[in-house]
Structure formats: structure tokens, C-alpha cells
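A.B. asks: dropping a prediction and its sequence here:
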Amino acid sequence: MKSLFVSVALLTSFASAIPAQKESASPAAEEKSYPEVPKEYEVGESTVSPDGRFAILYEMRDEDSNVDPGLPNLLVRLKPYAVLKEIETGYGVTWKSGRGAPDAKWNGNSTVAIWHAMKWGIEDLVVYEIENDEVKRVQTIWPEVVKYFDRDWQTRFLQKYPKESEGDNSYTFVSGRDDIKFKGDKLLLHIFAENNPNLAPGPHWSAELRGVWNLRQAKFEKIDFRPGKISIRKEDI
């Protein structure tokens, strides 16, 4: 008889624990809903800061029309909701995971690197520093990166193959988010570029840059630029 009472007590305890588990799950679900975010936008979960306070917003995509309404991407404080910065639009759409939409990587909770994720790789890298829930400093890194590639493209490649500058011919950056890494007050970059990343035949140029950007001084403290071999790709038969 005693064992029967023990069994009933255990079952009652287990049954009473089940509603408690359901209740503990709902605050997290409510937090993910971001009720203060405008209905025209959604939160990029991969861009949320470690403490959950800041993130990038993407405009809601109209699956039927597939037309970009043109709303700007926003760097925001999620709760209480506030817009910290409009992110400069690249050459693509502004909805989540769209070609040209921004992506982000955080260094703690107050420094974030933001770039545009293009078809082949990253472009337009900027670092924002947040203080007292405001963007206090902006470090525009990408022009400092591009000038090394432009110089090599112009002097080493186009002097030899000037026709490669005609029309929309140019080079393309092919690095991904893993090629951007924070290390303390430094930002480590490993950037690749080439023309015709689709393996089209013809003259082929490439180069890579390894750099250390000093976040305190807002400049490169180390650059290792490596021009690639110029070759001719033959057309597959």
C-alpha cells in the first residue's frame, strides 16, 4: 500500500511539472516575436548582438511581386525600439538573404562590422561603434581595401589587356563572412578578388589582401597585398 501512495505522488509531481515547462517556454517565444519592430520589417536573427539588444532589420519580402519596395535596412535597438542608423543601400535588394542585403558580425555588444553580401562575396565593409545606444563612430574600411586592388588591376592587368575595361568588365570580390574576424581591438581581413569568377575563358587576373585594421586608430596597421598570376583561360571544348 505504501508503494502505491509513492507511485501516485510521483505521477502527480510529474503531471504538475508539465504546465510549468510550457509556461517557461513562452517568454522566449514572445521575445523572438519582437513586437515593437514595425510590421514592414523583420529582424535578421544572425545579426543580433550577443546581448540581444541590437540587430539589423530587413524589409518584409513580398513573395508574390518579388519587387523591392526600397525601404532602407536599419541598425536598431530592439527594446525599447529605436533606430540607430540607416544602412547605406548597396546594388541589391534589402530583404533578408537577398543578393546585396547587409550582413553583420559583432565584436562584443558595442562594435559591429556590416557589409553587403553580393553574389560572389562581401563588399562595402563598415564598422559602427555604439555608445549609450547611439552610433558614436563610423569607420569606412572598404575604400581603403579597394584602392590596393584598383591599383593592381589598372597598372598590372589593364595595361596588358586594355580591352578588358570595356563595357561592364571589371573584377569581383569573392571573400565571405569567415574572411572577416575580430581579435580584440583589431579587425583581421582576408580579401580575394578576381575577374570572371564564373570561369569564363579569356585573360584571368586575381589578387588577395591580408590586412589588420586597428579599430582604435581607424586605419590599417598591416597590409600584405599579393597579386596573383595573370593567365589565359581556355574555353572548354
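C.D. replies: Structure's in. What do you need? Numbers count the residues shown, from 1 in each chain.
A.B. asks: contacting residues for Ile191?
C.D. replies: Ile122, Val145, Phe149, Phe173, Ser175, Asp179, Glu208, Leu209, Gly211 (Cβ atoms under 8 Å, 6 or more residues apart in numbering). The way it works is simple: take the backbone N, C-alpha and C, and place the C-beta from them, glycine included.
A.B. asks: Gly202 now?
C.D. replies: Neighbour list for Gly202: Glu164, Asn196, Ile232, Arg233 [criterion: Cβ under 8 Å, 6+ apart].
A.B. asks: in the sheet, who's paired with it?
C.D. replies: Gly202 forms beta bridges with Arg233, as assigned by DSSP bridges.
A.B. asks: just to revisit the earlier point, just the buried residues from the contacts of Gly202, in PyMOL please.
C.D. replies: Typed into PyMOL, the next command selects the buried ones out of the contacts of Gly202 (criterion: 16 or more other Cβ atoms under 10 Å):
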select buried, resi 164+196
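A.B. asks: now distance to Ile56 and pLDDT too, for the contacts of Gly202, in JSON lines please.
C.D. replies: Putting the contacts of Gly202 into JSON lines (distance: Cβ to Cβ, whole Å; pLDDT from 0 to 100) gives the following:
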{"residue": "Glu164", "distance to Ile56": "36", "pLDDT": "90"}
{"residue": "Asn196", "distance to Ile56": "31", "pLDDT": "91"}
{"residue": "Ile232", "distance to Ile56": "42", "pLDDT": "94"}
{"residue": "Arg233", "distance to Ile56": "38", "pLDDT": "89"}
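A.B. asks: which single one of the contacts of Gly202 is nearest to Asn73?
C.D. replies: Proximity to Asn73 was ranked across these by Cβ to Cβ; first place goes to Asn196, at 29.7 Å.
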